[in-house]
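> Show me the folded form of this:
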Amino acid sequence: MAQTDGRKGEIIQMASKLFRERGYSAVSMRDLAAGIGVKAASLYNHISSKQEILSSIIISIAERFTEGMNAIVSKKVSVKNKLEEMIDHHIQVMIDNPDGIACLNNDWVHLKEPELTYFLDMRNGYEENLRKILKEGIKSKEIKQVNVEVMLFSMLSTLRTLHLLHEKKKGIKTDNLKNEVKQILLTGIMN
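As a prediction, the model looks like this:
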């Protein structure tokens, strides 16, 4: 999540935690206020709505994913290196903000326009960039001739839900997690 200082940052951080625990719909402004120890009315000095908080959480993470993927896809390196960097980047974003990742995965459906379309465009662009990398790998024979959509779905399903494992197994070191996920996801597709 983009760094937001002060009270607004505190509100967003608490909201991420509560949205992860209960879901966006189940969290009220009173819940947020109680979580940070203020009256609900005083929240509006820092934010305009619960929707603004949700948008701030999801859009900042989606932009981080998009910026990282755009940088990776344009590199002049092997497909294996691109895939390894993509996996590392995805895991690092999750490590940096597991509550926000859970919110992005579960609560994006509550976004309103124009943020919803903006988010969906970023998500679709991210998937298309991964699809390009996989197709490039098949063409260069770095990747086995396997259905691109199955590879894409398998990789993204694992990466999108990795926060659940990370939450349960807090002792896993980041570098070990990155290396093991890369080994598991790439072993079956690389030539």
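> how many other residues sit next to residue 91?
20 (other C-beta atoms under 10 Å). From N, CA and C alone the C-beta is placed, and that goes for glycine too.
> Pull the contacting residues for it.
Counting by C-beta atoms under 8 Å, 6 or more residues apart in numbering, residue 91 touches 159, 162, 174, 177, 178, 181.
> Give me the buried entries from the residues you listed.
Those of those that meet the buried threshold are 159, 162, 177, 178, 181, by 16 or more other C-beta atoms under 10 Å.
> so where do the helices sit in the protein?
Remark: helices assigned in the chain by DSSP state H are 6-22, 29-36, 40-43, 50-73, 79-96, 98-107, 115-139, 148-168, 174-187.
> what's the spacing between the nearest residue to residue 105 once chain neighbours are set aside and residue 144?
Residue nearest to residue 105 in three dimensions, not counting chain neighbours: residue 160, with 5.6 Å by C-beta to C-beta, 6 or more residues apart in numbering. Per C-beta to C-beta, to the nearest Å, residue 160 is found 23 Å from residue 144.
> same thing with residue 86?
Residue 86 is 18 Å from residue 144, by C-beta to C-beta.
> Give me the neighbour count for residue 176.
Neighbour tally, residue 176, other C-beta under 10 Å: 10.
> wait, I meant residue 35
Residue 35 has 16 neighbours, counted by other C-beta under 10 Å.
> Quick one: neighbours of the nearest residue to it once chain neighbours are set aside, just the number.
Of all residues beyond its chain neighbours, the one nearest residue 35 is residue 14 (4.3 Å), with distances taken as C-beta to C-beta, 6+ apart. Number of residues near residue 14 (other C-beta under 10 Å) recorded here: 20.
> would you list the helices of the chain in a markdown table and tack on mean pLDDT?
What follows is the helices of the chain, written out as a markdown table (pLDDT from 0 to 100):
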| stretch | mean pLDDT |
| --- | --- |
| helix 6-22 | 94 |
| helix 29-36 | 94 |
| helix 40-43 | 88 |
| helix 50-73 | 97 |
| helix 79-96 | 97 |
| helix 98-107 | 95 |
| helix 115-139 | 98 |
| helix 148-168 | 93 |
| helix 174-187 | 95 |
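> Show me which of these has the highest average neighbour count.
With neighbours defined as mean count of other C-beta atoms under 10 Å, the helices of the chain peak in mean count at helix 98-107, which reaches a mean of 22.
> Contacts for that helix next, please.
Contacts of helix 98-107 (C-beta under 8 Å, 6+ apart): 1, 13, 16-17, 19-20, 23-24, 54, 57-58, 60-62, 93-94, 160-161, 163, 166-167.
> Over to stretch 22-40?
7, 10-11, 14-15, 17-19, 42-43, 50, 53-54, 103, 106-107, 110.
> and that stretch, how far out from the chain's middle?
23 Å (C-alpha atoms, centre = their mean, to the nearest Å).
> got the end-to-end distance for it?
Length of stretch 22-40, first residue to last, C-alpha to C-alpha, to the nearest Å: 18 Å.
> middle-most residue in the chain, spatially?
residue 101 (4.7 Å; C-alpha atoms, centre = their mean).
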